[in-house]
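# coords please:
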Amino acid sequence: MEKSIVYYATGKRKNAIARTWLTPGKGEIIVNEMPIEAYFTVETSKIILKQPLILTNNLESFNIKVKVKGGGLSGQAGAVRHGITRALILADPDLRGVLKKAGFIKRDPRVKERKKYGQKGARARFQFSKR
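Predicted coordinates for the structure are as follows:
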């Protein structure tokens with residue numbers, strides 16, 4: 001039995017972590033043992049995670065298996081995109097320049113700001129009353 005080449009990478013966004021495996025194939029994308037149409041119901045999430053594949057013309061070149069946990073669906077989609085990007089670079093280092101220019105390599109550092117004590121929220125204050 002021939003051992004297939006597998007490229008593994010981890011992607012992160014907000015509180016979501018995606019473990020991504022790329023194998024040469026015909027373009028199947030499985031997220032948490034489900035096809036992407038079943039897992040990501042919002043169309044924008046599906047578009048986000050396919051961006052690096054479309055940009056590098058690899059939409060039908062790899063089968064992708066992803067285990068993602070934490071965060072919400074938007075953060076998970078971003079984490080999957082980050083994981084796919086990093087795995088694509090392992091598969092073909094020449095794609096790095098194209099993916100870097102698109103801004104997919106860098107992890108998005110934006111996370112929820114913590115609530116501060118004595119306040120209503122991260123930035124919201126309780127209403128001030130002079131009298």
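# leaving out chain neighbours, which residue sits closest to Asp108?
Arg13 (5.3 Å; Cβ to Cβ, 6 or more residues apart in numbering). (Glycine included, C-beta is placed from N, CA and C.)
# next one: Ile84
Pro52 (5.2 Å).
# burial count for the residue nearest to Asp108?
Taking other Cβ atoms under 10 Å as the neighbour definition, Arg13 ends up with a count of 26.
# can you point out the buried residues in the strand or helix carrying Lys101?
Using DSSP states H and E, Lys101 maps to helix 96-102. By neighbour count on 16 or more other Cβ atoms under 10 Å, the buried set for helix 96-102 is Leu99.
# ok, stretch 65-77 next?
Lys65, Val66, Val68, Gly71, Ser74, Gly75, Gln76, Ala77.
# for stretch 10-21, same thing?
Neighbour-count burial for stretch 10-21 [16+ other Cβ under 10 Å]: Gly11, Lys12, Arg13, Lys14, Ala16, Ile17, Ala18, Arg19, Thr20, Trp21.
# contacting residues for the fifth one?
What it means is Ala16. Val68, Lys69, Gly70, Gly71, Gly72, Gly75, Gln76, Gly78, Ala79 (Cβ atoms under 8 Å, 6 or more residues apart in numbering).
# farthest-apart pair in these, please.
For the contacts of Ala16, the farthest-apart pair by Cβ to Cβ is Lys69 and Gly78; their separation is 13.8 Å.
# isn't Arg107 up against His82?
Yes - if you go by Cβ atoms under 8 Å, Arg107 and His82 touch, sitting 6.1 Å apart.
# identify the contacts common to those two.
The contact sets of Arg107 and His82 overlap at Gly11, Lys12, Arg13 (Cβ under 8 Å, 6+ apart).
# how about Arg81, secondary structure?
helix (DSSP: H, G, I helix; E, B strand; the rest coil).
# likewise the one 4 residues further on?
Assigned by three-state DSSP, the conformation of Thr85 is helix.
# measure it to Lys12 for me?
Separation of Thr85 from Lys12 (Cβ to Cβ, to the nearest Å): 12 Å.
# check Arg107 too.
Taking Cβ to Cβ, one finds Arg107 at 5 Å from Lys12.
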